[in-house]
Each structure stands twice: as C-alpha cells, then as structure tokens.
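Novice: quick one, structure for this:
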Amino acid sequence: MLGRRESLSSQLKKQLLQKIDDKVYLPGQRIPSESDLCAEFGVSRTVVREAVASLRADGVLKSRQGIGVFVDDAPRLLPFEISPIPDDAVQDILQILELRLSVELEASAMAAERRSDAQLGQIREALERIRAEGSGQSGPMDFDFHLSIARATNNPYFEKFLTFLGPQIIPRLRINAIGSKAHSGAYNEKLQEEHGAILEAIEKQDPSAARDAMRRHLSGSLMRYRQSAA
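Specialist: Below you'll find the model as predicted:
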C-alpha cells in the first residue's frame, strides 16, 4: 500500500523501478496487468497508467500491441542526478558552482540576444524581490532570478536544466556552517552589485557584457565560498 506524501503515480513508478532493479521483473519480461498492479498496490487504474506511461517515456518499459507491457531489454542508462547535499559538503557545492559556470554564462548571453520585454521584466522583478528581502532569506529569490534568465534564452532546455537542479544550486541555502559570513552586509551588497550588472547587460542586449557579468558573479561566489569554508 502506498502513502500520501507524494503523488501516488510517482510512488508507484519508484516501486516498479525498484522491482526492475531487484530483478523481480527481468529484461524482456511482461509486467503484471493493470488489474493485478491495482490490487497489489491498492491504487486506481489511472494511477497505474500514469506510472507506466512515465516509465515508457523514460525508456524503461515498452508496450506490445495486444500483448502487454514489458521491461525494455535494451541497456538502461543511469539518469543524471544530484542528490540532496549535506550542509557541510562544501566541496560538492563548489563543484556545482563550476557546473553552473559552464551553463549560465551562455544562458546569460543568449538571454541578452533573445529576451522579450516581458522576460526582461521578469528578470527585473526577480532582482527587486531579492533586494526587498535583504540578507539571510533571499536564496529562493536568487534562484528565481537565475531561472528567469534561463527562461529568457527561449531555449526550454536551459530552464529545464536549472529547474532539475533546483534551488539547492544557491550555496547559501545549503552551507549553514558558513552562513554568518555569507549573509554579512558586505557580502549581500557585493551580490546585488553583481546581479545588477547582469540585468543591465541583458537590458542593453549586450551578450558579451552579460557573459562577463555572469562570469564575475559565479566566479566571485566560488572564491567567496572557498574563503569562507577555509
């Protein structure tokens, strides 16, 4: 029987994946029918269909017309995944910042080239919310600022990538041990100066300046957190 803390289809998907990983369902083997899965897990046919559809989309299951649903016997690639980061795992967070450098520099340049007036307004509003919140609790707004820039590339995969990584990419949401240093007035003043430079370059539709401003921002974060963690 499944619980209620997340969607039932999501829980059932995990349960079916676990059975596949545990070799309960072997590659090429037909999985139980909808009615059997409903009875086993105590869920509706709708929940079963949603979970199976998601696993088919992931390439884990495949349907055979008039026969049933089978475990795909093709090699299954492990998904890219970033697990929740412990508060003291500074090295992991620094590595994520390095990953962001490789993605967000180009995202900011594309946003400068492609953004609409409405998307520019969303970036500006996100920055205004950061400034209004002040120090300490602006981490979620910081993520929204970077997400709005990714959205302004008008390439949906930039937004999907940052959404997949989630707000944990914002270091001060994760590193409690150095939080007092990271939330100092001087730190936040510097942060807002960097954010403002990114916005200004995107507003002027200057890709080179946007790229440089994002580089200064993320490289500066790398340097500050290395120093804070020392």
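Novice: hey, let's count contacts and neighbours off CA atoms from now on
Specialist: Noted.
Novice: where does this protein have its least confident helix or strand?
Specialist: Every helix and strand of the chain was ranked by mean pLDDT, DSSP states H and E. The lowest is helix 179-182, at a mean of 48.
Novice: can you list the neighbours in contact with whatever helix or strand comes next after that one?
Specialist: Note on helix 179-182: by DSSP states H and E, the next helix or strand toward the C-terminus is helix 185-203. Helix 185-203 is touched from outside by 108-109, 111-113, 115, 120, 123-124, 127, 131, 134-135, 181-182, 207, 209-210, 213-214, 216-217, with contacts defined as Cα atoms under 8 Å, 6 or more residues apart in numbering.
Novice: one more time with 6 Å, if that's ok
Specialist: Helix 185-203 has contacts (Cα atoms under 6 Å, 6 or more residues apart in numbering) with 112, 209-210, 213, 217.
Novice: got it, and stretch 59-73?
Specialist: Against stretch 59-73 from outside (Cα under 6 Å, 6+ apart): 27-31, 55-56.
Novice: which residue lies farthest from the center of the protein?
Specialist: No residue in the chain sits farther from the centre than residue 66, which is 38.1 Å out by Cα atoms, centre = their mean.
Novice: remind me what the longest helix along the chain packs against, helices and strands.
Specialist: Longest helix of the chain, by residue count under DSSP state H: helix 90-114. The elements that helix 90-114 packs onto, with contact taken as 3 or more Cα pairs under 6 Å, 6 or more residues apart in numbering; DSSP states H and E, are helix 207-229.
Novice: change it to 7 Å
Specialist: Judged by 3 or more Cα pairs under 7 Å, 6 or more residues apart in numbering; DSSP states H and E, the packing partners of helix 90-114 are helix 139-151, helix 185-203, helix 207-229.
Novice: just name the most buried of these.
Specialist: helix 139-151 (a mean of 23; mean count of other Cα atoms under 10 Å).
Novice: what does the domain assignment say about this structure?
Specialist: Domain assignment for the chain, taken from automatic domain parsing, gives 8-71, 90-229.
Novice: least confident of the ones you listed, on average?
Specialist: The weakest mean pLDDT among the domains of the chain belongs to domain 90-229, with a mean of 85.
Novice: list the buried residues of stretch 48-62.
Specialist: For stretch 48-62, a neighbour-count test (16 or more other Cα atoms under 10 Å) marks 48, 50-56, 59-62 as buried.
Novice: secondary structure element holding residue 118?
Specialist: Assigned by DSSP H and E, residue 118 falls within helix 117-133.
Novice: quick one: buried residues of that helix?
Specialist: Neighbour-count burial for helix 117-133, with 16+ other Cα under 10 Å as criterion, is recorded at 119-120, 122-127, 129-131.
Novice: rewinding a little: and the longest helix of the chain, how far from the chain's centre?
Specialist: Relative to its parent chain, helix 90-114 has a centroid offset of 13 Å by Cα atoms, centre = their mean, to the nearest Å.
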